[in-house]
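> quick one: sequence and predicted model below, then my questions.
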Amino acid sequence: MDVVLTDDEIVAVALERHLAWPVPFPTVATDIDHLAAAAARGRRSLIVRGLAIPTNSGVVVSADLIDTMEQAASSRCVMAWVASIEASAVLAGSSTAIYRRPSGDLIDLTSAIGIHDIRAVSTGDADAIVVALAKNVFDFGFAGPANPAIRLLIGEFGGRSLVMVSEREVQFGSWTANGFEIGLESTGWDPRLIEEAMQ
């Protein structure tokens, strides 16, 4: 099922179905109070949009939407996300998550305001989207005021190693016992580095 959802709607379905959503939400903090408030907003929104119906004990979510979200939550996820190297686990802009399924990938294009465009794509198409995004950042950097700490990070969210792209620079980084560390060497543009980070 191709669908556009908000952060709140995903939180609502994830809590309803006891799903561990693998990536952070741009507009919802992870403490219980914020998640509960987001779920309440999300349930109302799903009902208004006809993606759920109210019951005495909560909501019944569309079977197609449940299937899509359960497939995403149970699949290996690789991401491209904008973040500061000082806070690499905090989204600082849009993100692209790819959920690797045997039947073909799901891609989740998420805006900085928490709108998720989720659709089925081939593995080749999903990878090409991230490579094109990385090339654009490599060629032109980021719009807005320059911030040398901002990177496009590519790899498994929370995984050990990442590829980091900024204007005219591709670097490697990893989480270690001492925090997030950037590799000393940087390379020129090579799409294979991006593709390898997504495998």
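Everything's here; your move. Numbering: from 1, shown residues only.
> tell me the mean pLDDT for the strand or helix carrying Pro54?
According to DSSP states H and E, Pro54 maps onto strand 52-55. Strand 52-55 carries an average pLDDT of 94.
> please apply the same query to stretch 123-141.
Averaged across stretch 123-141, the pLDDT comes to 92.
> can you list contacts of that stretch?
Residues from elsewhere that reach stretch 123-141 (Cβ atoms under 8 Å, 6 or more residues apart in numbering): 80, 96, 98, 100, 104-105, 107, 109, 121, 152, 154, 163, 165-170, 189, 191, 194-195, 198. In this view, the C-beta of every residue, glycine as well, is placed from N, C-alpha and C.
> which of those residues fall in helices?
Among those, DSSP state H puts Pro191, Ile194, Glu195 in helices.
> could you look up the SS state of Val13?
Following DSSP: H, G, I helix; E, B strand; the rest coil, Val13 is assigned to helix.
> that one: how many residues sit nearby?
26 (other Cβ atoms under 10 Å).
> same check, this time on the one 4 residues further on
Burial of Arg17, expressed as a neighbour count using other Cβ under 10 Å, amounts to 13.
> can you check Ala39 too?
Using other Cβ under 10 Å, Ala39 has 22 other residues around it.
> contacting residues around it?
Asp8, Val11, Ala12, Leu15, Glu16.
> quick one: what helix or strand has it in it?
helix 32-48.
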